[in-house]
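Chemist: 3D, please:
(one chain, ligands or ions: 1)
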Amino acid sequence: MSDFKLTILGSGSAMPTPERFSSAHVLNVHGHLYLIDCGEGAQIAMKKYNIKMNKIEAIFISHLHGDHYFGLIGLLNSMHLNNRKKELNLYCFKPLDDIIKLQIEAANTQLSYKIKYNYLSEEGLVKLFDSKHVEVFSFPLIHRIPCCGFLFKEKKQSRNIKKEFVKNHNIPKEWFPKILSGQDFIDENGNVFSNNEIVNFQLNPRSYAYCSDTAYDEKVADYCMGVKLLYHEASFADDLEDVAKEKFHSTASQAALIARKSKAETLIIGHFSNRYKDKSLLINQAKQIFESTIEAYDGKVFEL
Ligand SMILES: [Zn+2]
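Modeler: The predicted model follows:
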């Protein structure tokens, strides 16, 4: 099956630490790489976890708090030093355009590639782009400044016969459409090969939603309805619900409630406040509401 793989490059919150860099995730959909937020240290983490920076096709920045984009200028500059030629799509709020341009101009650098800025809006679920393999949407979150989450939905794949099987068996031409329409294959010696075993197909396309920084908002569950893998911040434990509300962040239980309401399969929580040395308190609180909760940590890989 083609890749649908998430790598967490940074799982921490405002202040990066040696154990947890600031927010950054990479999603690999069928070999196409998308970077979601780019906190400080993201490019170092890419090297560590073997993510090829020049393979990144688009970057999505949820909002302009530094822990979500302070790694961006360094990464853009390294792409230039690597002589990237391919245009890079950047999805962000408008001020980032001027911030990046100012830094590049001040260094008197002419990037080796073009950046295409695509501005985010907070008007509900907005389709950002559509390719052969994936559809990407943004949706508004409730934070102190404009902020969006992102939803990646794999497109249904057409059936294909497993490469290994084609290589190892002599399949007459006229059999290909029959196998692809669901028939079992019978070879010249009368051996029967069940269609299920020789054909790749997907009944349920995979999906991933990223909710970076947000106060509790049930609308998020509607935007992410039926998602397979949901990342939702959980900056605070439940006793600090008032602090979470005041700072436009969420508690572990609130993240779990969104997962339950959206009927997600798996919840990842992260962006933990540095006050929690041991994250098990937050994981356990979330698990009380949504059993399938996993802690985000740097280098964690999820293969769907
Ligand atoms: Zn923030």
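
Chemist: use CA for all of it now, contacts and neighbours both
Modeler: Noted.

Chemist: From Ser112, how far out is the nearest residue to Lys114 once chain neighbours are set aside?
Modeler: Setting aside the residues directly before and after it, Lys114 is nearest to Glu87 in space (CA to CA, 6 or more residues apart in numbering), at 4.8 Å. Remark: distance between Glu87 and Ser112 (CA to CA, to the nearest Å) = 9 Å.

Chemist: quick one: which of these two has more around it?
Modeler: Ranked by neighbour count (other CA atoms under 10 Å), Glu87 and Ser112 place Ser112 first, with 16 against 13.

Chemist: Look at the closest residue in space to that one that isn't next to it in sequence and tell me its secondary structure.
Modeler: Counting by CA to CA, 6+ apart, His80 is the residue found nearest to Ser112 once chain neighbours are left out, at 5.3 Å. For His80, the secondary structure call by DSSP: H, G, I helix; E, B strand; the rest coil comes out as helix.

Chemist: go on, Asn108?
Modeler: Secondary structure state of Asn108, per three-state DSSP, is coil.

Chemist: and it, how many neighbours?
Modeler: Per other CA under 10 Å, the neighbour tally for Asn108 reads 9.

Chemist: Going forward, count from 523.
Modeler: Fine by me, first position is 523 from now on; the one you just mentioned is Asn630.

Chemist: separation between it and Lys638?
Modeler: Between Asn630 and Lys638 the distance, using CA to CA, works out to 19 Å.

Chemist: Need the per-residue pLDDT for the residue of the chain most remote from its centre.
Modeler: Of all residues in the chain, the one whose C-alpha sits farthest from the chain's mean C-alpha position, using CA atoms, centre = their mean, is Asn711 at 47.5 Å. According to the predicted model, the pLDDT of Asn711 comes to 89.

Chemist: from memory the residue nearest to Ser634 sits against Ile637, does it?
Modeler: No. Using CA atoms under 8 Å as the test, His602 is too far from Ile637 to be in contact (11.0 Å).

Chemist: Pairing partners for Glu825 in the sheet, please.
Modeler: Beta-bridge pairing for Glu825 (DSSP bridges): Lys527.

Chemist: Met523 - nearest residue in space that isn't next to it in sequence?
Modeler: Nearest in space to Met523, with sequence neighbours left out and distances taken as CA to CA, 6+ apart, is Asn722 at 6.9 Å.

Chemist: meant to ask about Leu555
Modeler: Across the structure, with CA to CA, 6+ apart as the measure, the residue nearest Leu555 apart from its sequence neighbours is Ile578 (4.7 Å).

Chemist: which residues touch that neighbour?
Modeler: Under the criterion of CA atoms under 8 Å, 6 or more residues apart in numbering, the neighbours of Ile578 are 554-557, 610.

Chemist: For the residue nearest to Ser634, the count of nearby residues, please.
Modeler: Neighbour number of His602 under other CA under 10 Å is 18.
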